[in-house]
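Undergrad: Here you go, sequence then predicted model.
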Amino acid sequence: MANFLVDHALKHVWCSPEMDTPSIIRLARFSPRRGLKNVIDTGWEIIALPSTNEAYHGYFIGQIPKEFLGIEETIKETWVSLLELVNKEALWTNLYVDSGLEFPRGTAFIRETRGRGLIIAVKVQDHIADLSVESLYLRSYSNRYFDSVRRNDELPKMVSVGIEPVNGNDIVAINNARRYHNTLSDGHSLLFQGGYIIGQIRPALQFADGFIEHVYDSSIYRQSEFALDDLPTFTSELDAQQKYLVHPPKDDTDTIHYQDDIEFYLIAKEEDNPDIFKGVRLHQNLITHTRMLSHRDYALSVDHIVSVKNKLFAQIPNARLYLKLFVRRSGYRRELVFEKGRVHELYKLPDDLIKRAMLGLDSSVSVWTAEALEKSAYPEMMRSEGQSIEQAKVVNAYGYSAMCKIMADTPIAAEELAGNPHINVHYSHRFGATVCEYTRSGLIRGIFGHTQGERYYLQRTGVEFCEVLGGLPSE
C-alpha cells in the first residue's frame, strides 16, 4: 500500500520542480565599476568580448555545468546571446535586479571557458540599472512541455526577435513579428523595452529606451489581470507576513498551475488608454514571494509588491496598478485530486464564494481559509523533492476519505478495450474481491469473484457498472 500511495502522489500531485531545470543565481561581478571594453581577462585567459568599443559587465558563475541552466547548445569558447538560446533551445531566461527591471536577452551573452566555467557578459545600460552598485540575478527555465506529446508541432516553441532600433524600419520589423505571431492559434506574445514588459512601443521612447525584444511563447495558454487595489489580503501563518490572495477565475480545467510555470507581472496602466502599460516580473528570489494555496490559487508577498511599487511606479501620474498573470502549459498535466482539504468541493462554488471561503467570510470551513491552505500538505507535496515524498507525507496530504476514494472507490463504470468489456480495479481490490455486476437501471446481473489483477472482465452482457467489495465471495 505504501508504494502505491507514494507512486500515486508522484504521478498526480508532485510537480517535479527539477524537471524544467529552474534556477535562480545571484551573479558575481568581476568587472570594474565602469565595465570592460574589447576583452575580458579572467586571470587565466584573455577573451574577446562579443563586440568592440562597447562596455560590458562581466560575471563569473564558476564550476556549474551549463546543463544546470538548461543549456544544451554548444557554448564552449564562443559567445551565445540569451536571445539565441530562446530561439535555439526554447530556454527562457531573465536577467534582473532586485526591483525586477530586466536586461534584454539580446544584450547578454554566455560562454563556457576552457576550464568549463561559465562567464556572462552584459552590456552596460545605465538607463535600466547601474550594475556597478546593484546585484544582478539570472533565472533560467526550460519548459518540458515542449518535449511532451501534448505539444502542437505545427507551432514554433518560442521565438524571440530583438533589435537595437536606429530607424523606423527596425520598429516595423518588430511590429510585423508581433502581428504574425498574434495570428497563430495558440500561445502569446510579450514585448520588452527599457527593462520593462510593455503593451505597445511608444513613439516618443522607441529609440531612447534602447533594445526592443518581442517574444512569442506557444506554451502560454492562460492570462488574467487583477487590479492591485481590489486584491484581498490575509496574514500568512506559514511565513508570518501579509499576503495578497490571488484567485484566477475558474475555467474548464482543474489542472495544477504550478508556480514554476506561471509569471506574475506588476504593471502600471494609463487610465485613458489601458493598452499602454509597462511593468516588471515579480521574481521569486525568496520562497515567501509566491506560494501555492491550491492547485491554482496563489499567495503573494505584500512587502515584496509594495517594495517594487515604491521603487518603480510611485511617480507615475494617472496610473493604476495591476497584477498580470501568465500561465504556461507544463511538462506534466496534473489534475486536481481528492485530498484532505477537499479543494475539489471548494471549487464547486462560484468564484466570489471561493474567495470569501478563503478569507473566512460567511464560512465556517477552516481548512478552506488561505492561512490553512498555504501551510497544508497538498501544496507542500507539489514543491517537495521527489525523494522526500514518503508514505507519512502522502497520508497527511490525502487523509482517510481521499485515500479510500483513490484505493477502493466503488461503483466503477464499465469500459471496453478491443471488444472486451471490463472495469479497472482499484488497488485495494486487486488481491481478492467480490464484484457485483449491474445494468444501467440497477438490475443485478451476477456476483463473481476477482482473484487478482488491475482489470476485471465482465461475465454478463448488458452490464454498465460494477460494485466492488473487499474479499472473495463465499461459496
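TA: Done, it's in. Numbers count the residues shown, from 1 in each chain.
Undergrad: need the contact list for the residue nearest the centre of the chain.
TA: When Cα atoms, centre = their mean is applied to the chain, the residue found nearest the centroid is Asp261 (1.1 Å). Asp261 makes contacts with Asp20, Asn143, Val327, Arg328, Arg329, Ser330, as judged by Cβ atoms under 8 Å, 6 or more residues apart in numbering. C-beta here means a position set from N, CA and C on the backbone, and glycine is covered the same way.
Undergrad: Check what contacts the longest helix along the chain and list those residues.
TA: Longest helix in the chain by number of residues (criterion: DSSP state H): helix 391-408. Contact with helix 391-408 is made by 1-2, 4-6, 8-9, 13, 337-340, 342, 376-378, 380-381, 384, 426-429, 468, 470, as judged by Cβ under 8 Å, 6+ apart.
Undergrad: list the buried ones in it?
TA: By neighbour count with 16 or more other Cβ atoms under 10 Å, helix 391-408 contains the buried residues Lys393, Val394, Val395, Ala397, Tyr398, Gly399, Ala402, Met403, Lys405, Ile406, Met407, Ala408.
Undergrad: How about stretch 100-113?
TA: Using 16+ other Cβ under 10 Å as the test for burial, stretch 100-113 gives 100-113.
Undergrad: just stretch 239-246 next, same as before
TA: Buried, per 16+ other Cβ under 10 Å, within stretch 239-246: Asp239, Lys243, Tyr244, Leu245, Val246.
Undergrad: Nearest spatial neighbour of Glu65, chain-adjacent residues omitted?
TA: For residue 65 the amino acid is Pro, not Glu. Distance criterion Cβ to Cβ, 6 or more residues apart in numbering; nearest residue to Pro65, sequence neighbours excluded, is Arg116 at 7.2 Å.
Undergrad: So the one you found, which state does it fall into?
TA: In three-state terms, and counting by DSSP: H, G, I helix; E, B strand; the rest coil, Arg116 is coil.
Undergrad: where do the helices sit along the stretch 101-250 of the chain?
TA: Remark: helices assigned in the stretch 101-250 of the chain by DSSP state H, counting those that start in this stretch are 168-182.
Undergrad: Can I take it that Asp7 is in a strand?
TA: No - going by three-state DSSP, the assignment for Asp7 is helix, not a strand.
Undergrad: Based on its surroundings, how many neighbours for it?
TA: 13 (other Cβ atoms under 10 Å).
Undergrad: So, low pLDDT: which residues of the protein?
TA: By pLDDT under 70, the low-scoring segments of the chain are 1-2, 475.
Undergrad: Could you rerun that using 80?
TA: Within the chain, the stretches with pLDDT under 80 are 1-2, 62-63, 204-205, 271-272, 274, 315-319, 475.
Undergrad: Tell me what the nearest residue to Phe103 once chain neighbours are set aside is bridged to.
TA: Among residues not flanking Phe103 along the chain, Leu95 sits closest, at 4.3 Å (Cβ to Cβ, 6+ apart). Under the criterion DSSP bridges, Leu95 forms beta bridges with Phe103, Leu138.
Undergrad: follow-up on the earlier one: distance from the chain centre to the longest helix of the chain, please.
TA: Centre-to-centre, helix 391-408 and its host chain are 26 Å apart (Cα atoms, centre = their mean, to the nearest Å).
Undergrad: That one: what's the following helix or strand?
TA: Per DSSP states H and E, helix 391-408 leads on to strand 412-413 as the next helix or strand towards the C-terminus.
Undergrad: List of residues touching that following strand?
TA: Under the contact criterion Cβ under 8 Å, 6+ apart, strand 412-413 has outside partners Ile423, Asn424, Val425, His426, Glu464, Phe465, Cys466, Val468.
Undergrad: What strands line up against it, and which way round?
TA: Partners of strand 412-413 in its sheet, by DSSP bridges: strand 465-470 (antiparallel).
Undergrad: Just the CA atoms of the partner strand, as PDB, please.
TA: Output of strand 465-470 as PDB, limited to C-alpha atoms (Å, rounded to 0.1, in the frame of the first residue of the first chain):
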ATOM      1  CA  PHE A 465     -21.300  -0.600 -13.800                       C
ATOM      2  CA  CYS A 466     -19.900  -2.800 -11.000                       C
ATOM      3  CA  GLU A 467     -19.800  -2.600  -7.300                       C
ATOM      4  CA  VAL A 468     -16.600  -4.000  -5.900                       C
ATOM      5  CA  LEU A 469     -16.200  -5.200  -2.300                       C
ATOM      6  CA  GLY A 470     -13.100  -6.400  -0.400                       C
END
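Undergrad: tell me which residues of that strand are tucked away?
TA: Buried residues in strand 465-470 (16+ other Cβ under 10 Å): Phe465, Cys466, Val468.
Undergrad: quick one: which of the contacts of Asp261 sit in strands?
TA: Counting by DSSP state E, the contacts of Asp261 place Val327, Arg328 in strands.
Undergrad: So of the contacts of Asp261, which two are at opposite extremes in space?
TA: Greatest spatial distance among the contacts of Asp261 (Cβ to Cβ): Asp20 and Val327, at 14.1 Å.
Undergrad: Could I get the full set of strands for the stretch 101-250 of the chain?
TA: Along the stretch 101-250 of the chain, counting by DSSP state E, counting those that start in this stretch, strands occupy 102-103, 108-112, 118-123, 137-142, 158-163, 188-193, 196-198, 212-217, 220-227, 233-236, 241-246.
Undergrad: For the shortest one, give me every contacting residue.
TA: Strand 102-103 is contacted by residues 94-96, 122-123, 125, 128-129, 136, 192, 195-196, 280-281 when judged by Cβ under 8 Å, 6+ apart.
Undergrad: do that again at 6 Å, thanks
TA: The contact list for strand 102-103, computed with Cβ atoms under 6 Å, 6 or more residues apart in numbering, reads Asn94, Leu95, Tyr96, Val122, Ile128, Gly195.
Undergrad: which non-adjacent residue is nearest the fifth one?
TA: The spatial neighbour of Ile128 that comes closest, neighbours along the chain excluded (Cβ to Cβ, 6+ apart), is Gly195 at 3.9 Å.
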